[in-house]
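Visitor: Could you look at this predicted model? Sequence included:
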Amino acid sequence: MRNEMEIIFDAVSDNEAFARVAVAAFVSHLNPTLEELSDIKTAVSEAVTNSIIHGYENLYGYGRPADRKKVHPGKVQVQCVLEEDVLHIRVTDKGKGIENLEQAMEPLFTTKPELERSGMGFAFMEAFMDDLEVESSPGEGTVVIMRKKLGTGSWIDSEE
Amino acid sequence: MDQVTADDFQVIDHCLMVRLPEEVDHHSAGYISRNADRHLMREEVRNIVFDFEDTRFMDSSGIGVIMGRYRKISCFGGRVYAIHADSQIQRILKVSGMSRVVEIIE
Ligand SMILES: Nc1ncnc2c1ncn2[C@@H]1O[C@H](COP(=O)(O)OP(=O)(O)OP(=O)(O)O)[C@@H](O)[C@H]1O
Ligand SMILES: [Mg+2]
């Protein structure tokens, strides 16, 4: 079985919850465990939040008094493909891109310490998904590709 | 969902109790940090307790909130505790290495 979906939304923090819930709903018919769902939601949240706050530097959502003046009009695209029990997620932005990818992916490395970012985003994507690949070019944008095999939870034992 | 109200922040016995929202993400992190810091500035706070009772989701933004508050009180010997954290939240705390600075109370 193969199933595909794609969503494109404004790069504002209001949409972070929407994106991770949409991906979780997309896989729900496979009966993922709570742990798998939580892993997927965290990984999607990390990638999408990075596109918003680093890629487009939209630090707040709509209607935040502190930043109403400045919301960049960028979009974030989330594509999912389900191939049997393997979920492929691709998060794309056309933001400012990453200069030094190797350094960016190191745990605890952040270019925004003043915003209390902890530099754990890529580390979480790596820990909670089976596979992580990142492609980025400065001035053009970033693509994060993640993969996770579902159904490793105990429910599968009780089938058949 | 990110309705953090004043009631969610209480100082009892020099201990700041923070009741976290259902989702601790980039969207809610700013409110939580700002409110917590108001108490840290105005009142004598020694330790901080983060209560995850209502929390079903957290990402690295939550790590930033905890780490940022920890930095503010640890230089005065203060400690940070996490209570009512479910297994997912505990995993996040552990993977990030936060379990070294935050004491998880079961
Ligand atoms: N989509 C992106 N566009 C531009 N830069 C990015 C993007 N994603 C990540 N980065 C860069 O990579 C760094 C590391 O990202 P990572 O998610 O690991 O940490 P963080 O976002 O800084 O902190 P945290 O995720 O813990 O809040 C970021 O500080 C930023 O410089
Ligand atoms: Mg990040």
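Guide: Cool, got the structure. Ligands and ions are numbered 1, 2, ... in the order given.
Visitor: how about whichever residue of chain B sits closest to ligand 1, what does it touch?
Guide: Closest residue of chain B to ligand 1, Cβ to the nearest ligand atom: B:Ser60 (3.3 Å). (Each C-beta comes from the backbone N, C-alpha and C, glycine too.) Taking Cβ atoms under 8 Å, 6 or more residues apart in numbering or on different chains, we find B:Ser60 in contact with A:46, A:49, A:117-118, A:120-121, A:124, B:96.
Visitor: tell me, which of these make contact with ligand 2?
Guide: When contact is defined as Cβ under 5 Å from the ion, those meet ligand 2 at A:Gly121.
Visitor: Can I take it that B:Gln90 is in a helix?
Guide: Yes. Assignment of B:Gln90 by DSSP: H, G, I helix; E, B strand; the rest coil places it within a helix.
Visitor: Does it touch B:Val102 like I think?
Guide: No. Judged on Cβ atoms under 8 Å, B:Gln90 makes no contact with B:Val102 at a distance of 10.2 Å.
Visitor: More neighbours: those two, which one.
Guide: Shown here are B:Gln90 and B:Val102; by other Cβ atoms under 10 Å in any protein chain shown, B:Val102 has more neighbours (21 against 16).
Visitor: My read is that that one contacts B:Ile83, right?
Guide: No. Counting by Cβ under 8 Å, B:Val102 does not reach B:Ile83; the two are 10.4 Å apart.
Visitor: shared neighbours, the two?
Guide: Contacts common to B:Val102 and B:Ile83, judged by Cβ under 8 Å, 6+ apart, are B:Phe50.
Visitor: sorry, back to before: what is the nearest of the contacts of B:Ser60 to ligand 1?
Guide: Checking those against ligand 1 by Cβ to the nearest ligand atom gives A:Gly121 as the nearest, at 2.0 Å.
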